[in-house]
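*Asks:* Here is a sequence with its predicted model. Questions after.
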Amino acid sequence: KQEVTQIPAALSVPEGENLVLNCSFTDSAIYNLQWFRQDPGKGLTSLLLIQSSQREQTSGRLNASLDKSSGRSTLYIAASQPGDSATYLCAVLMDSNYQLIWGAGTKLIIKP
Amino acid sequence: EAGVAQSPRYKIIEKRQSVAFWCNPISGHATLYWYQQILGQGPKLLIQFQNNGVVDDSQLPKDRFSAERLKGVDSTLKIQPAKLEDSAVYLCASSLVRSWGQPYEQYFGPGTRLTVT
């Protein structure tokens, strides 16, 4: 059974710092991995999607990497801003049934 | 292109009452999902439809939850009777039919926040 773990559960850093969020999964038979952002009381915003054959994806100040063999992904945020404060979730899409399995998220606070 | 629409956005009910949520997927998306997200957790799949047929409802508490997707477009999720532990955000997502080797992504609506008192 696939398990997705995100560490840390919460992170608070000063504005301007670069930071890394971690996601690990136990079953490497995935179709893709996706990072989402969720603001309080809001829905999910897709940030980056990495196909299983890819190693990384970049969008602006965000870079996500995928190491399928070791069951790990990282989300790198450069030059953090207070507007980056949110909960970040990773989810893997299973090869077998195309279902998304989610981590519990990392709550990020960027202090001005 | 219009996104996934959900209503209501917020709902407060007392335990043992009933409630219904509505979802309109992106036009042309045959697959529709309902998720439950309890505070501090990732979303959990409740039910998956392809057109108007159920693909997976293994995690749907069928004694109190029901869902339908008439005509393969809009969907409703109902809870009757509600319990305190049903307090959560209910998310609807839609996608194109999966095709091996092709990019595949689920698109999410804004969610309905349910509070059961």
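*Replies:* Nice, I can see it. Numbers count the residues shown, from 1 in each chain, chains lettered A, B, ... in the order given.

*Asks:* does any bit of the helix or strand hosting A:L48 sit next to chain B?
*Replies:* Element membership of A:L48 [criterion: DSSP states H and E] is strand A:44-51. Yes - shown here: strand A:44-51 in contact with chain B (C-beta under 8 Å from any C-beta of the partner chain) through A:L44, A:S46, A:L49, A:Q51. C-betas here are computed from N, CA, C, even on glycine.

*Asks:* Filter these down to the buried ones and hand me the PyMOL line.
*Replies:* Of the residues of strand A:44-51 next to chain B, the buried ones can be selected in PyMOL as follows, counting by 16 or more other C-beta atoms under 10 Å in any protein chain shown:
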select buried, chain A and resi 44+49+51
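
*Asks:* Out of the residues of strand A:44-51 next to chain B, which comes closest to chain B?
*Replies:* Top of the list for closeness to chain B, among the residues of strand A:44-51 next to chain B and by C-beta to the nearest C-beta, is A:L44 at 4.4 Å.

*Asks:* which strand residues sit across from the closest one in the sheet?
*Replies:* Beta-bridge pairing for A:L44 (DSSP bridges): A:Q38.

*Asks:* Report the contact partners of it.
*Replies:* A:F36, A:R37, A:Q38, A:L89, B:P43, B:L91, B:F108, B:G111 (C-beta atoms under 8 Å, 6 or more residues apart in numbering or on different chains).

*Asks:* so the fifth one sits right up against B:Q37, yeah?
*Replies:* Just to be clear, that refers to B:P43. Yes - with contacts counted by C-beta atoms under 8 Å, B:P43 reaches B:Q37, the gap being 4.3 Å.

*Asks:* Tell me which of these two has more neighbours.
*Replies:* More neighbours surround B:P43 than the other of B:P43 and B:Q37, with 27 against 21 (other C-beta atoms under 10 Å in any protein chain shown).
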